[in-house]
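Novice: following is a predicted model, sequence given first.
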Amino acid sequence: MKLTPSGVVLGLSPKRAANGKLLMDGSSAVQVEGKLQVAIAEERVTGLKREGGWRLSSEYCLSAAGLSNRDVSSVVISTCTDEVGDTGPEIQAIREAFPSASFHHVSHHLSHAAYGFATSPFDRALVVVSDAGGNTLERGGDRWWEASREQTSYYIATEDSIQLVDREFERPGAVGFGESFRAITYYLGWFSDLKANKTMALSGFGDAHRLGISSLFASDASGKLSGLLACDPLSPVGMVRKSMSGALSRKVPARPPDAEFLQEHSDLAALMQMSYESALIDRVGALCEKYSVRNVCLSGGVAYNCQANSALARVDGLRTWVPAAPGDTGQSLGNCIALSGFDIDRDSYGRRFLGGDSSVRRLPFVHGSRVIGPVPLSAPSAVIASHLLQSGVVIGNMRGPSEFGARALGNRSIFVDPTDRAVATRLNAGKERESFLPFAGAILEERLSNFFTDTMNSPYMQYVHKANSEGSARLKGVLHVDGTSRMQTVDSSPETAWLRELLEHQYRHTGIPVVLNTSLNGGGKPIAEVVADALPLLEAGLIDVLLVGEHGYFLEVSYARYRELNPDCGLG
């Protein structure tokens with residue numbers, strides 16, 4: 001598809017598919033004359049984690065761009081679990097909301113692929129899109145898994161075209177990578193589509209070979225993959241119980257929610273992780289050979305699996321790329337790109353911070369609570385943040401436009417001393433996370449090899465890096481049990497100037513150019529978008545200080561610490 005639309009293009013996804021299925025991770029994006037202006041997830045505006053839909057996010061984006069509904073010339077949407085172009089009440093509501101616009105549908109996987117490639121540094125690449133399911137390829141109704149459908153798709157993309165070259169797990173009843181992770185995650189006691197990251201983290205405690213099962217995927221003579229789990233998305237636990245004639249469930253009992261973990265549970269998680277990594281590497285290798293390409297882009301929700309991303313990146317001769325929001329939040333951007341056929345300003349889509357710039361301009365005055373603020377800072381806030389971190393303070397940071405995607409990249413972050421495992425434990429409790437879940441870090445790009453053996457750049461925190469002896473000894477707060485850490489590599493681009501200043505100050509004073517960097521949110525909440533979203537984190541004691549631009553909000557005890565620091569730091 002290449003319509004090269006002019007004017008204002010609005011990308012979004014509905015809250016419900018045509019078959020009535022509730023969809024998550026809604027977002028909106030506004031493109032004007034081929035240049036992305038602003039994009040935001042629906043959850044950031046509603047305050048509801050993983051919220052689907054478009055109403056408030058589209059209103060936010062158009063307002064931030066100085067536009068109205070009637071200024072929109074093209075609306076492009078994508079759905080999943082139904083056929084491309086299917087209509088329903090939600091689609092009609094979108095048409096009515098933008099009466100002056102032409103209306104376009106894009107395939108779910110094409111949207112993922114377009115976004116994954118357009119944000120990459122490549123001019124030609126294999127694009128791998130994998131998730132729990134995109135559009136059906138035939139009429140499926142409310143039992144979409146019984147129809148042919150998108151699960152893993154492979155494209156060859158160039159600067160002016162994108163071509164589907166193969167699919168995996170597309171047959172009715174097939175169980176692909178995303179559905180397999182979902183079923184194993186439920187079986188391990190996390191009854192949510194949102195918890196596959198916990199399965200990945202738990203795998204670090206397991207041995208993939210201990211169960212005596214070689215893989216959860218098989219390949220035929222041509223290399224085509226098939227999943228070994230039973231297909232029943234309405235009963236994910238049953239998918240595991242019924243698999244392999246019950247052999248898997250005899251080896252590993254299902255874990256009830258909140259029950260203790262057995263070693264077998266960790267081993268099952270490790271088996272799932274190893275099965276995916278091995279299948280991905282083998283299939284990508286074969287396709288790269290077939291199409292004479294060495295650049296690989298990963299997109300779709302499974303591309304949040306940073307362990308597998310890293311395993312692929314370590315293959316000699318391959319160059320890989322994972323965008324900031326490979327899951328369904330990125331559909332709004334991919335829709336705009338797919339409609340435009342790459343006739344876009346690619347740099348505008350590759351920015352880290354896509355929210356409007358007014359979110360942190362309003363500073364509410366707090367009086368009569370444990371919180372003091374806003375207090376004007378008398379020195380650069382990055383310098384102040386560094387000194388506070390060195391004194392053990394947990395810092396929340398808000399500035400400028402917000403990040404797009406699930407990763408906090410500095411503008412809506414919590415920062416902590418990366419050497420202190422005890423503080424990481426405190427954060428896990430405050431965020432209502434399991435104690436074994438690791439935290440990510442941010443590091444000066446050019447200092448990565450000082451602490452890690454892997455050297456792949458990771459501007460969006462989509463890879464894990466293996467620590468060397470120096471990293472293992474000094475970065476306890478950001479290391480997982482397997483000796484890896486999900487790192488954000490911070491370059492010298494203007495977008496990351498503030499975070500870079502903080503890291504450089506840390507390096508000069510501590511010899512460690514690293515901070516623990518996690519999202520500015522509490523348990524079950526999306527990343528804070530505006531100051532009012534973040535102040536409850538301060539009041540609850542999850543953070544000690546909230547820096548908002550060049551102002552600060554403090555708990556009484558942290559304000560005393562602030563005042564005690566050397567006046568030369570600008571804190572007197």
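Specialist: Received it, and whenever you're ready, just let me know what you need. The model shown is predicted, which means the values in this text are computed figures rather than measured ones.
Novice: which stretches in the stretch 151-300 of the chain count as strands?
Specialist: 152-158, 161-168, 217-219, 225-227, 295-299 (DSSP state E, counting those that start in this stretch).
Novice: and for whichever helix or strand comes after the last one, what's in contact with it?
Specialist: It refers to strand 295-299. Proceeding N to C from strand 295-299, the next assigned helix or strand is helix 306-313, under DSSP states H and E. Outside of helix 306-313, the residues that reach it under the criterion CB atoms under 8 Å, 6 or more residues apart in numbering are 200, 203, 273, 276-277, 280-281, 284, 296, 298, 302-303, 318, 320, 322, 454, 456, 461-465, 484, 486. C-beta here means a position set from N, CA and C on the backbone, and glycine is covered the same way.
Novice: change it to 7 Å
Specialist: Outside of helix 306-313, the residues within contact range by CB atoms under 7 Å, 6 or more residues apart in numbering are 200, 273, 276-277, 280-281, 284, 296, 298, 303, 318, 320, 322, 454, 456, 462-464, 486.
Novice: among those, which ones are buried?
Specialist: Neighbour counting over these (16 or more other CB atoms under 10 Å) leaves 200, 273, 276-277, 280-281, 284, 296, 298, 303, 318, 320, 322, 454, 456, 462-464, 486 as the buried ones.
Novice: max-length helix in this protein?
Specialist: For the chain, the helix that runs over the most residues, judged by DSSP state H, is helix 263-291.
Novice: so which elements touch that one?
Specialist: strand 124-130, helix 177-187, helix 196-202, helix 306-313 (3 or more CB pairs under 7 Å, 6 or more residues apart in numbering; DSSP states H and E).
Novice: any idea of the mean pLDDT in the first one?
Specialist: In this case it means strand 124-130. The average pLDDT for strand 124-130 rounds to 98.
Novice: am I right that residue 537 is in a helix?
Specialist: Yes: under DSSP: H, G, I helix; E, B strand; the rest coil, residue 537 falls within a helix.
Novice: on the three-state scheme, the residue positioned nearest the centre of the chain is what?
Specialist: Closest residue to the average C-alpha location of the chain: residue 406 at 3.6 Å, with CA atoms, centre = their mean. Three-state call for residue 406 (three-state DSSP): coil.
Novice: what sits against it?
Specialist: Contacts of residue 406 (CB under 7 Å, 6+ apart): residue 325.
Novice: 10 Å - rerun?
Specialist: 25, 41, 43, 50, 197, 304, 324-327, 329, 460-461, 519, 526-527 (CB atoms under 10 Å, 6 or more residues apart in numbering).
Novice: point to the helix or strand of the chain where mean pLDDT is at its lowest.
Specialist: When the helices and strands of the chain are scored by mean pLDDT, DSSP states H and E, helix 556-564 comes last with a mean of 81.
Novice: give me the residues contacting that one.
Specialist: Contacts of helix 556-564 (CB under 10 Å, 6+ apart): 369-373, 375, 377, 384, 387-388, 391-395, 538, 541, 543-546, 552-555, 569, 571-572.
Novice: which of those residues are buried?
Specialist: Of the contacts of helix 556-564, these count as buried by 16+ other CB under 10 Å: 371-373, 377, 384, 387-388, 393-395, 538, 543-546, 552-555, 569, 571.
Novice: just checking, next helix/strand downstream of whatever helix or strand residue 443 lives in?
Specialist: Assessed by DSSP H and E, residue 443 sits inside strand 441-444. Next along the chain after strand 441-444, taking DSSP H and E as the criterion, comes helix 448-451.
Novice: only the buried residues of that next one, if you could.
Specialist: Quick answer for helix 448-451 (16+ other CB under 10 Å): 448, 450-451.
Novice: report all helices and strands that that helix contacts.
Specialist: strand 441-444, strand 464-466, helix 469-474, strand 484-490, strand 514-519 (3 or more CB pairs under 10 Å, 6 or more residues apart in numbering; DSSP states H and E).
Novice: starting at the chain centroid, how far to that helix?
Specialist: 24 Å (CA atoms, centre = their mean, to the nearest Å).
Novice: give me the mean pLDDT for that helix.
Specialist: Rounded mean pLDDT across helix 448-451 is 98.
Novice: ok, stretch 454-473 next?
Specialist: Rounded mean pLDDT across stretch 454-473 is 96.
Novice: please apply the same query to stretch 195-202.
Specialist: pLDDT averaged over stretch 195-202 gives 95.
Novice: circling back: output the contacting helices and strands for the strand holding residue 443.
Specialist: Using 3+ CB pairs under 10 Å, 6+ apart, strand 441-444 sits against strand 412-416, helix 448-451, strand 484-490, helix 497-510, strand 514-519.
Novice: what pairs with that strand, and is each one parallel or antiparallel?
Specialist: For strand 441-444, the pairing partners within the sheet under DSSP bridges are strand 484-490 (parallel), strand 514-519 (antiparallel).
Novice: now tabulate those in JSON lines and tack on mean pLDDT.
Specialist: Listed next are the strands paired with strand 441-444 as JSON lines, based on pLDDT from 0 to 100:
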{"stretch": "strand 484-490", "mean pLDDT": "97"}
{"stretch": "strand 514-519", "mean pLDDT": "98"}
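Novice: of those strands, which is nearest residue 429?
Specialist: Evaluated over the strands paired with strand 441-444, closeness to residue 429 peaks at strand 514-519, with 13.1 Å, by CB to CB.
Novice: any idea how far that closest one is from the chain center?
Specialist: 15 Å.
Novice: same check on stretch 456-463?
Specialist: Using CA atoms, centre = their mean, the offset of stretch 456-463 from its chain centre is 11 Å.
Novice: first vs last residue of it, how far apart are they?
Specialist: 8 Å (CA to CA, to the nearest Å).
Novice: and for stretch 190-199?
Specialist: Stretch 190-199: ends 9 Å apart by CA to CA.
Novice: next one: stretch 467-487
Specialist: Length of stretch 467-487, first residue to last, CA to CA: 11 Å.
Novice: give the buried residues for it.
Specialist: By neighbour count on 16+ other CB under 10 Å, the buried set for stretch 467-487 is 467, 471, 474-475, 477-480, 482-487.
Novice: one more: stretch 152-171?
Specialist: Neighbour-count burial for stretch 152-171, counted by 16+ other CB under 10 Å, picks out 152-157, 162, 164, 166-170.
Novice: span of it from start to end?
Specialist: 11 Å.
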